[in-house]
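S.K.: Prediction below, plus the sequence it came from.
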Amino acid sequence: MSHLRKRITTACGWLLADHFILVLTVVFFLVMWRIYPSMGGARNLANISSNMWPLLTLVIGQMFVLLVGGIDLSQTSIMAVTSVTGSMIMTLRLDPARFQDNPLWGVVLSESGGLLAGHVLAVPTAVILMLTIGACIGLINGLAVARLRMPPFMVTLVTMSFFSGFAIYLTRSENIMHLPESFIVIGRGGLGPVPYAMMIAFLTAVAAWTILNRMVLGRWIYAVGINRKTAVVSGVPCAGVIVAAYVFSGLCATSAAILYSARLEAGRPTLGQHLLLDVIGAAVIGGISLFGGKGKVRWAVYGVAFFVVLDNSLNKMPLNFYAVDIIKGAVILMAAVLDVLRNLLSQRSPARAGA
Amino acid sequence: MKKFRSILISALLISAIIFTCQCTRRPGEKQTVICFAFQDLETEYWVAAHKAITETLRSRGIMVLERNGHQDANRQLEQVRDAIAQDVDGIIIIPQDGESALTIIGEANRAGTPIAVFNRPPANRSRPALVVVADNEKIAEETVRYMVLAASKLERKMKPLILVGDLGDQNAIARRQGFYNVIGERPEIFEKPIEVPTKWDPATTLANLEAAMQINRGVDFIFTSSDFLYPQIRAVLEPLGKWKPIGDKDHVILGGLDGDSTAYMLMEQGFVDATGVQDLFFEAHAIMDALLKAIQDGQKTPEEWIEDPGFAITQENMQEKREDMWGYRVMAGLAEAKK
Amino acid sequence: MILSGELIHFGNITKEFFGIRALAGITLSMPSGQIVGLVGENGAGKSTLMNVLGGVFAPDAGSMIWQGRPYSPEGPADATREGIAFIHQELNLFGNLSIADNLFIDGFPRVRRLGVLKRGTANRLARQRLEAVALECPVNTPVENLTPGEQQLVEIARALGRNARLIILDEPTSSLTQNERERLFGLMNELRKGGCTLVFISHNLDEVLRMSDRIVVMRDGCVVSTGEKREYTVERMITDMVGRQINNLYPEKTSRASEEVLLRVEGLSRSGTVDDVSFVLHRGEILGLFGLMGSGRTELARILFGLDSFSAGNLEAIGRPLGGHKPAKSISRGLAFVTENRRDEGLLMEGTIESNVALAALRRRAFSRWSVWIRGGAIRERTLRTAGELRLHAADLRRQPARNLSGGNQQKAVIAKWLLTEPKILILDEPTRGIDIGAKYEIYTIMNNLAAEGAGILFISSELEELAATCDRILVMSNGRIHGEFSRGAFDEKAILEAAFEGLRIGGTKR
């Protein structure tokens, strides 16, 4: 009898500890479904799915940076800059009234579109350019943090402001419409029942998982995040690892930019401006520690799932619009407090198995 | 730790249940549901519009789902998609810009939900929607024309300045165009106008206007693309001794557009010569009527482009026209009982 | 049976962690006004028992009687209130605050009004407390400026301020100088006379025997023996602790230095820390590096390993020059460095034992394909094997975090990490500090075996006895310079100590 009880307790413990957020999400969804039947509708489920993928890509990138004990505030600006530059390559038509004063008018942009308008390779070229830019900004962030020893918060805040302003400068605040159909379909279409967005997010997650669990780099990332001094003594190339984390974050932000731009059918210099709280919030809810060294890909997935389901459910309730923000903020705050408590408890305990 | 966790789950679930129980409306009668998606309420105009729309709809027994996109186009897209998934009967949006408006209209079209766009028009008419928009260009023209009349009485060459709105906003572009149209008619009394960008942001306005006034001391003719910037204009002109009422030799001819209560008060005090008025109540009612009719008729992708001709309220016609000015009505505490 | 005059009585206390039994039915009493020496290997259960007493853990079974009443604290605060003070090995002081602030950090009503510290009263009381422990220091000195010995006295002063009747001292002497040790012992005697009971946990059995009135020996979670001081000798304590006769504290030396030079250091200097250091390390040799605290030994080790740079001199490892290098390069050349402080620099405390052990050797072909793809199976297997060889006992190497290991096991994990890199030159900085007899013996054995297999070992230590027992040669460092070299067979304690004191600044020991 007690053997069975032990089994159940350990199963519950495992469930609670590692997959806690997933359980919470499912339970929450079921409760909400009971109260608001439309939650289980096909359309709503499709919405939940479609909202998850770009956010998941961002959170996975942010997770890498959080793991090495940093933070990447510039993800939103990377999204803006890449969205805009990619569109400038791809766009098929531009309204002269709006773009005449643009610094690149006549050089890259013209009335018949962007640099490679109509060309069969326009979209792939644009995507490659976007990824390169995203990686470069990540490189700048990483080098500043690793080599110049500047605090990550400050570095990424500066790059965020700079590149956000740069994106607005490049477009004079204009959104770039008329993107080719082959690009827009990424936001809406799919291969059979599987949306392209989901495939991109899935690939990102698989890549992240492979790095963290199967590659030497993954072990190094955790080591640097848990204790940099020990990592240094043990021969880990800390600077390189940190740079790699920020570059990965930049690439993820770019993927998200592709998904959001396709969704909104335009390159936007203000893309993702308000997403940072969602990204960090989802990461913390999933259990990824803001202090570094703690996080798994599936936690990112669970955190994003919970966040998106929560957001979705709040949209069902006829609440005042400020109440929605209050609730979201409260949930994120609770998750952050939990993270701090967990950290404190583990630091303080002189717990040693029989010293 | 495990204890904490279980307390946390229970607390979350309980609070979720409590919250939703308070807010649930048991589905008994089939009520019309309209989603109203807007973008922050930063000026008096938007506040008044929000109030007009929500109160009117609710007074007719319609359930209104309010969604604030917080100036994020993506968020608004998600909110509208969500509303569609909830099978709302109709959607009214105040979009962030013309491009996102098009995208959102596309979503509504595909789902067959009638959609209405308030005041900020979509970038083009390629997708069917109900749109109400003020003829900003014409209203601006009318306003500036009156200002030019006042200027020509002064018999000197005027130095004009225009505060331009965020050029991502169609309305801002139209207002600017109206201004230039009229100024262009009388090149002999106007020097080349100075353009000050505001991005619809008070702080930016303050900074840029101050800089412009420093360089061009003799500015005596100012048109602002929106009345909500009057406080900033005052803050810049007053220290320079240029904040003077009509009749004073240092009076700067001042005009704007929107028609809020500040504009009315300043006109009463004689600081502002004329202001263009968007007929807010007309616009709100027109769009609501059109949408409700479309819902009733079972139209899935209704299309209509409603123009609000608006008018200019000037020192001359103030007394008779003020009842039509929404800013005056807001100030006087009158409900818009007129329509 | 509870006798009067007993301060604390443990009745059948049991405690389990991760399926490992830390305490297996402990029944024990301690009278008041005595010093009780508590000894045992790491893993014997000493700290766990004290943690139960101090309210950090609740026992799984059993009861405690404190001053004649049942006692079951729900947290350390309860224990403190009752008058039990726990002076940990790692001190719990706030470095940047002053002595006075630390003493009254949890506030006495007399000293606080409306939550604000009354400076005058606090300082006056603080001075009184410091007098009680014979510490002469201005009360507003920031605690981080004090020596470990002085910090310890501040902690004891704080405990006394809370009217402690029982004070647990966990490894109090490991980072103290000789003078500070004597001062502490004097204080302990004073406290005992005043009716306090002191629980003295230490691996230094001579000291325990000297200071204690009663001795308690633990092994594997049980009390193996207990009695008055006169019933014990150091040998008996060791036998009871280990469960078998250990004839020597040190293994038989089978390694021998050869002629081949593994490490050649010439004129190595780094401004402010190391000055013109030259020596060689041979294959199969155990080279000791002795010196007082602050003599520059750790700094030298850091330079050799590449953590710090050097401004002058030459360094040659296995025939090839080495300079401007980083730890990764040192490791690939065959160097390894077991640092002084395993918690800060040696281990990833939150990481699993396996991830710690694999960390330095990840790039090797055995553990990763093309230095990129982890060979999980190989790592797991090798970790298991090495842990077995080092007698590193843990419930689950793959999932247990390193912070749950005892001090000795933690040190073994660090050594395991370096063993995986198959080093030819192994630098060990105070490897046996804070570790029990049994584990120490094992570490000496490891050193001997490694040297016998052809590695060169640089053994940095402040304990002359262990150096004398294990090394082929001993270098003495003082003030950043080498002041003496002694060969096996000519280890003259007096001369070595003199060399260690040479070259010190006028006015006392360099801190």
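M.R.: Structure received.

S.K.: Touching, residue B:189 and residue B:159? I think so.
M.R.: No - the criterion here is CB atoms under 8 Å, and residue B:189 misses it with residue B:159 at 10.5 Å. Placement of C-beta: from N, CA and C, glycine included.

S.K.: Enumerate the residues of the stretch 151-300 of chain A near chain B.
M.R.: Contacts of the stretch 151-300 of chain A with chain B, taken as CB under 8 Å from any CB of the partner chain, map to A:172-175, A:177, A:260, A:263-266, A:268, A:270-275.

S.K.: rerun at 7 Å
M.R.: Contact residues (CB under 7 Å from any CB of the partner chain) of the stretch 151-300 of chain A with chain B: A:173, A:174, A:175, A:177, A:260, A:263, A:264, A:265, A:266, A:268, A:273, A:274.

S.K.: Now, of those, which are buried?
M.R.: A:173, A:174, A:175, A:177, A:260, A:263, A:264, A:265, A:266, A:268, A:273 (16 or more other CB atoms under 10 Å in any protein chain shown).

S.K.: By pLDDT, rank those residues and give me the bottom one.
M.R.: When these are compared by pLDDT, residue A:173 scores lowest at 79.

S.K.: Now that one: phi and psi?
M.R.: phi 70, psi 0 (degrees, to the nearest 10).

S.K.: for it, what are its contacts?
M.R.: Residue A:173 makes contacts with A:269, B:166, B:167, B:168, as judged by CB atoms under 7 Å, 6 or more residues apart in numbering or on different chains.

S.K.: and if you look at residue A:96?
M.R.: By CB under 7 Å, 6+ apart, the contact set of residue A:96 is residue A:111.

S.K.: Equivalent analysis for the one 5 residues further on, please.
M.R.: Listed by CB under 7 Å, 6+ apart, the contact partners of residue A:101 are residue A:172.

S.K.: and if you look at residue B:151?
M.R.: B:158, B:189, B:221, B:253.

S.K.: What helix or strand is it located in?
M.R.: If you go by DSSP states H and E, residue B:151 is part of helix B:136-152.

S.K.: quick one on the thing from earlier: quick check: of the contacts of residue A:173, which lies closest to chain C?
M.R.: Of all the contacts of residue A:173, residue A:269 has the smallest distance to chain C: 38.4 Å, by CB to the nearest CB.

S.K.: Tell me how far the residue lying closest to the closest one once chain neighbours are set aside lies from residue A:211.
M.R.: Nearest residue to residue A:269 in three dimensions, chain neighbours excluded: residue A:167, at 4.0 Å (CB to CB, 6 or more residues apart in numbering or on different chains). Here residue A:167 is placed at a distance of 29 Å from residue A:211 (CB to CB, to the nearest Å).

S.K.: Residue C:11: what secondary structure?
M.R.: Three-state call for residue C:11 (DSSP: H, G, I helix; E, B strand; the rest coil): strand.

S.K.: Report pLDDT for residue B:2.
M.R.: Listed pLDDT for residue B:2 reads 51.

S.K.: one step back: mind picking the lowest-pLDDT entry from the contacts of residue A:173?
M.R.: Across those, the bottom pLDDT score, 70, is held by residue B:168.

S.K.: Could you list the low-pLDDT ranges of chain A?
M.R.: A:1-2, A:8-18, A:321, A:342-343, A:345-355 (pLDDT under 70).

S.K.: what residue is smack in the middle of it?
M.R.: What sits nearest the mean C-alpha location of chain A, by CA atoms, centre = their mean, is residue A:58, with 1.0 Å.

S.K.: With chain C instead?
M.R.: By CA atoms, centre = their mean, chain C has its centre lying nearest to residue C:434, at 2.5 Å.

S.K.: these two touch, right, that one and residue C:172?
M.R.: No - judged on CB atoms under 7 Å, residue C:434 makes no contact with residue C:172 at a distance of 11.2 Å.

S.K.: ok but residue B:37 is inside a strand, no?
M.R.: Yes - Residue B:37: assigned to a strand according to three-state DSSP.

S.K.: Any regions of the stretch 201-339 of chain B where pLDDT drops low?
M.R.: Short version for the stretch 201-339 of chain B, where the test is pLDDT under 70: B:334-339.

S.K.: Which residue ranges of it form strands?
M.R.: Ranges of strands in the stretch 201-339 of chain B, per DSSP state E, counting those that start in this stretch, are B:221-224, B:253-258, B:274-277, B:304-308, B:311-314.

S.K.: again, but for the stretch 101-250 of chain C
M.R.: Under DSSP E, counting those that start in this stretch, the stretch 101-250 of chain C gives strands at C:112-113, C:116-117, C:166-170, C:197-201, C:214-219, C:222-228.

S.K.: Quick one: closest of these to chain B.
M.R.: That would be, of those and by CB to the nearest CB, strand C:166-170, which comes in at 25.7 Å.

S.K.: Tell me the neighbouring strands of the closest one, and mark each as parallel or antiparallel.
M.R.: Here strand C:166-170 is paired, per DSSP bridges, with strand C:84-87 (parallel), strand C:197-201 (parallel).

S.K.: and the residue nearest to the centre of chain C, what does it touch?
M.R.: Counted by CB under 7 Å, 6+ apart, residue C:434 has contacts C:89, C:171, C:174, C:407.

S.K.: Check which residues of stretch C:326-339 are buried.
M.R.: C:326-331, C:333-339.

S.K.: cool, and stretch B:60-77?
M.R.: Within stretch B:60-77, the residues that count as buried by 16+ other CB under 10 Å are B:62, B:64-69, B:72-77.

S.K.: That stretch: end-to-end distance?
M.R.: In stretch B:60-77, first residue to last residue: 27 Å (CA to CA, to the nearest Å).
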